[in-house]
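Colleague: Predicted coordinates and the sequence they were generated for:
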Amino acid sequence: MTAPTIHHGSSIPIPPAQLASLIDAHPKPPTLSSYSYGTAGFRYPAPLLPCAFVRMGIFSALRSASLGGEEVGVMITASHNPEEDNGMKLADSNGGMLDAAWEEHAVSLANAPNSKEAMVLISTLTRYIKGKYPQKNGGLPKMVVHVGRDTRSHSPGLAKLVVRAALAMGATVIDHGEVSTPMLHHFVMHANGHLLPGIIPQRCNESGYYEIMAFSYAALLRTGKLDGVGGKRLANTKELVIDGACGIGALKIDTFRKIFGKLNAEGCVGLPMLRTVNFPGEGPLNEICGAEYVQKLQLPPNLYSPKDKLMGMSKGYMTSFDGDADRVVFHFEDVNGKFHLLDGDKIAVLVSSFIQEELRCIDPDGQAVKCGVVQTAYANGSSTLYLKNVVKTNVVVAKTGVKFVHAAAHHHFDVGVYFEANGHGTVLFGPKFYDFIAQADAKLRGTPRNNRANIALRRLRLLPALVNQSVGDAMSDMLLVDAILYLRGWDLNTWAQLYSDMPSKQAKVKVADRTVIATNDNETAATAPEALQKALQSAMDAMAAAENRSDGPKPRCFVRPSGTEDAVRVYAEANTQNGADSLASEAMMLIYKLCGGVGSPPQPFITNRL
Ligand SMILES: CC(=O)N[C@H]1[C@@H](OP(=O)(O)O)O[C@H](CO)[C@@H](O)[C@@H]1O
Ligand SMILES: [Mg+2]
């Protein structure tokens, strides 16, 4: 754990000609028609990025100024994508994703054909900011940019460009070095702690992050000893194995391991042993390992670590992170050696039912705060049914991508749980939740410390500190899930058996131009090209007729253009793997035929699992 490096930009901004020559020194790649912001920021092969990174360094300083000096962030990562790619995620001052209106400015600046046009955009934004926040010296307000990067080999070079450009604008740059994406967002959120109700601002650096997570986690475990029902660690949950995807998460877990050692020595009970596999350098980033691979292929990760690191390792309690540690999925091998995946849907079910149960201990009618879960079209039909019928919570389906699910959770619920099936998610606590806690505190004062309502209050109060309130966070989510399993005395098998996933299949198809496909708001149906949805619907109807089941979710498939890759994604689920595979194969063929498929026609899947 290293302290961040703070660089102060000059109080006198560099002359426009110098800024223009910095832009000129990194021209637009001739092979790229335009940069697009995608589902989660800019993401391209690394050699295409220097141009955008210089401009985004300038942009991030302007964004901070446009918020009157609130601090913002730049994370250099291409997440779960291969090592050759890189990219950037921009964090707004509340720690969340960049505001949509400013996303447009970012895209315009990244795509300005030359320095002259870039300078026009920069001066338009500058004029607007100066009008909004006039300064005595006629300059821009204070600007602060936090920078973090993942472990990709080109990340340090790209980070330098961002730092240089932000400094040229006169910003202060806080360079955190190698951190996970959610850590960077967490730093930014705490740097502007006044913006969030109920958040007690922490030091906005790594030690502040670890402290708040580890201590709230340990405090949550401690509540297990109070009610006499929780607080049981089964033998097969004593060691938690983390597949770091050969990326940043593996390095950061090591710090947690050290903190756990100290907590243990201080008498904290219930902590699991943490064992990390797949460190940077041990294998290729995100390849045949990590959350994306494990979730999409529904297969265990390859273990690249040397044999001595794997010795005696059990596969009974495992997680896989992605390359920037903002996603986590759980998995285990049962006694028969069969692999089981517990994805984001399963996490949403576990977390939302836990929170509702605790809330009901204080408010049995469940009327005081509105709880709910936000899913995307990729959520397994069985999970949606379970949430509605068993957990009895509200479910909203939002468009794929963190910025959409996050916004929906904020908008619809006082306690909004969101998880994409791929393991990206968090729980957002709104103002009504904090009011509820304050009222419960007053109501329960003087009642026995260990009655169930008081224990619930203690648990609920800890959650906003443990659960990263800015974005989904693999480490925070992993600790939350582990604490819930411990409090319930469960292992992964008990959790897995809450419901059975419908067999599903995901695939991709290459087309000449994926923008020919349009979808409805939550992407559950295609609206263009015209014939596509009708054909997909007939395929679904035929599958439903063939399966002939009156209970459970119906077979379903949908298609959408990816926001991060040059491909059209296909999702299908049915009551058998065979059905899901053949529905996916049919949808792929329809895309190929109706949407301008390129290359040879997609081959139908041959089912090899029952
Ligand atoms: C099916 C799927 O997993 N899609 C992912 C993927 O977006 P696409 O737009 O599907 O490429 O990357 C996003 C960013 O990480 C993530 O939010 C989203 O869930
Ligand atoms: Mg990621």
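Modeller: That came through fine. Ligands and ions are numbered 1, 2, ... in the order given.
Colleague: The stretch 1-150 of the chain: strands as residue ranges?
Modeller: Along the stretch 1-150 of the chain, the segments classed as strands by DSSP state E, counting those that start in this stretch run 5-8, 42-45, 71-76, 85-91, 144-149.
Colleague: highest average neighbour count across those strands?
Modeller: strand 71-76 (a mean of 29; mean count of other Cβ atoms under 10 Å). Quick note: C-beta positions are derived from backbone N, CA and C, even for glycine.
Colleague: quick one: strands adjacent to that one?
Modeller: Here strand 71-76 has these sheet partners by DSSP bridges: strand 85-91 (antiparallel), strand 144-149 (parallel).
Colleague: could these go into a markdown table alongside mean pLDDT?
Modeller: Shown next, in a markdown table, are the strands paired with strand 71-76 (pLDDT from 0 to 100):
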| stretch | mean pLDDT |
| --- | --- |
| strand 85-91 | 96 |
| strand 144-149 | 98 |
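Colleague: And those: which comes nearest ligand 1?
Modeller: Closest to ligand 1 of the strands paired with strand 71-76 is strand 85-91 (Cβ to the nearest ligand atom; 9.1 Å).
Colleague: Off-centre distance for that closest one?
Modeller: 13 Å (Cα atoms, centre = their mean, to the nearest Å).
Colleague: How about stretch 371-388?
Modeller: 17 Å.
Colleague: would you list the strands of the stretch 1-150 of the chain in JSON lines and tack on distance to Thr172?
Modeller: Below are those laid out as JSON lines (distance: least, Cβ to Cβ, whole Å):
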{"stretch": "strand 5-8", "distance to Thr172": "5"}
{"stretch": "strand 42-45", "distance to Thr172": "23"}
{"stretch": "strand 71-76", "distance to Thr172": "9"}
{"stretch": "strand 85-91", "distance to Thr172": "16"}
{"stretch": "strand 144-149", "distance to Thr172": "5"}
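Colleague: just so I know, which of those lies nearest Glu523?
Modeller: For those, the distance to Glu523 is smallest for strand 42-45, at 19.3 Å, taking Cβ to Cβ.
Colleague: and the residue of the stretch 1-150 of the chain nearest ligand 2?
Modeller: Going by Cβ to the ion, ligand 2 is nearest to Ser79 of the stretch 1-150 of the chain, at 3.2 Å.
Colleague: Next one, pLDDT for that residue please.
Modeller: Looking at Ser79, its pLDDT stands at 95.
Colleague: cool, the one 3 residues further on as well?
Modeller: Per-residue confidence (pLDDT) for Pro82: 96.
Colleague: do the same with Asn608
Modeller: 52.
Colleague: Run through who's touching stretch 33-44.
Modeller: With contacts defined as Cβ atoms under 8 Å, 6 or more residues apart in numbering, stretch 33-44 is touched by 32, 49, 52, 56, 75, 78-79, 81, 85-90, 97-98, 103, 106-107, 110-111, 400-403, 562-564.
Colleague: Show the buried residues in these.
Modeller: Neighbour-count burial (16 or more other Cβ atoms under 10 Å) applied to those gives 49, 52, 56, 75, 78-79, 81, 85-90, 97-98, 103, 106-107, 110-111, 400-403, 563-564.
Colleague: Give me every residue in the protein lying close to ligand 2.
Modeller: Residues of the chain lying close to ligand 2 by Cβ under 5 Å from the ion are Ser79, Asp322, Asp324, Asp326.
Colleague: and the third one, how far is that from Ile248?
Modeller: Right, Asp324. Computed as Cβ to Cβ, to the nearest Å, the Asp324 to Ile248 distance reads 6 Å.
Colleague: before we move on, the earlier item: which entries in the buried ones among the contacts of stretch 33-44 are shared with the contacts of ligand 1?
Modeller: The residues of the buried ones among the contacts of stretch 33-44 that also fall near ligand 1, by Cβ under 6 Å from any ligand atom, are Ser79, Thr400, Gly401, Val402, Gly563, Thr564.
Colleague: Most widely separated two among these?
Modeller: Checking those with Cβ to Cβ, the most distant pair is Ser79 and Thr400, at 14.1 Å.
Colleague: Which residue ranges of the stretch 451-600 of the chain form helices?
Modeller: 452-466, 474-488, 492-496, 530-547, 577-594 (DSSP state H, counting those that start in this stretch).
Colleague: Mind listing residues that contact the third one?
Modeller: Defining contact as Cβ under 8 Å, 6+ apart, one finds that helix 492-496 is touched by 236-237, 316-317, 330-332, 334, 340, 342, 346, 350, 485, 488.
Colleague: buried subset of those?
Modeller: Buried among those (16+ other Cβ under 10 Å): Thr237, Gly316, Tyr317, Phe330, His331, Phe332, His340, Leu342, Lys346, Leu350, Leu485, Arg488.
Colleague: tell me the contacts of the fourth one?
Modeller: Yep, that's Phe330 we're talking about. Per Cβ under 8 Å, 6+ apart, neighbours of Phe330: Tyr317, Met318, Thr319, Leu341, Leu342, Lys346, Ile347, Val481, Leu492, Trp495.
Colleague: how big is the angle separating the helix or strand hosting it from helix 474-488?
Modeller: Using DSSP states H and E, Phe330 falls within strand 328-333. Relative orientation of strand 328-333 versus helix 474-488 (axes from the mean of the first three to the mean of the last three Cα atoms, to 10 degrees): 50 degrees.
Colleague: taking the mean pLDDT, what do you get for stretch 387-402?
Modeller: 96.
Colleague: Just checking the distance from it to the centre of its chain.
Modeller: For stretch 387-402, the distance to the chain centre is 17 Å (Cα atoms, centre = their mean).
Colleague: Please tell me how far Ala531 sits from ligand 1.
Modeller: 23 Å (Cβ to the nearest ligand atom, to the nearest Å).
Colleague: thinking that residue is in contact with Leu594, fair?
Modeller: Yes - at 5.7 Å, Ala531 counts as touching Leu594 under the criterion of Cβ atoms under 8 Å.
Colleague: Neighbour count for the two, which is higher?
Modeller: Leu594 (18 against 13; other Cβ atoms under 10 Å).
Colleague: who are the neighbours in contact with that one?
Modeller: Contacts of Leu594 (Cβ under 8 Å, 6+ apart): Pro529, Ala531, Leu532, Ala535.
Colleague: which one of those has the most neighbours?
Modeller: Neighbour max across the contacts of Leu594 (other Cβ under 10 Å) = Leu532, 23 neighbours.
Colleague: Distance check, it against Ala265.
Modeller: Leu532 is 61 Å from Ala265, by Cβ to Cβ.
Colleague: Equivalent analysis for Ala235, please.
Modeller: With Cβ to Cβ as the criterion, Ala235 and Ala265 are 23 Å apart.
Colleague: wait, is Leu341 part of a helix?
Modeller: No - assigned with DSSP: H, G, I helix; E, B strand; the rest coil, Leu341 falls outside any helix and is strand.
Colleague: Name the nearest residue to it, ignoring sequence neighbours.
Modeller: In space, and not counting its chain neighbours, Leu341 is closest to His331: 5.0 Å by Cβ to Cβ, 6 or more residues apart in numbering.
Colleague: what's the spacing between the one you found and Met313?
Modeller: Distance of His331 to Met313, given as Cβ to Cβ: 14 Å.
Colleague: For stretch 189-205, buried residues please.
Modeller: Met189, His190, Ala191, Asn192, Leu196, Gly198, Ile199, Gln202, Cys204, Asn205.
Colleague: any idea which of those residues is the one closest to Lys132?
Modeller: Asn192 (17.5 Å).
Colleague: Verify the stated contact: the closest one with Gly96.
Modeller: No - Asn192 lies out of contact with Gly96 (Cβ under 8 Å); the separation is 11.0 Å.
Colleague: Low-confidence regions, the chain specifically.
Modeller: Residues of the chain meeting the criterion pLDDT under 70: 226-229, 607-610.
Colleague: ok, back up a step: which one of the residues of the chain next to ligand 2 is nearest to Val241?
Modeller: Asp322 (16.2 Å).
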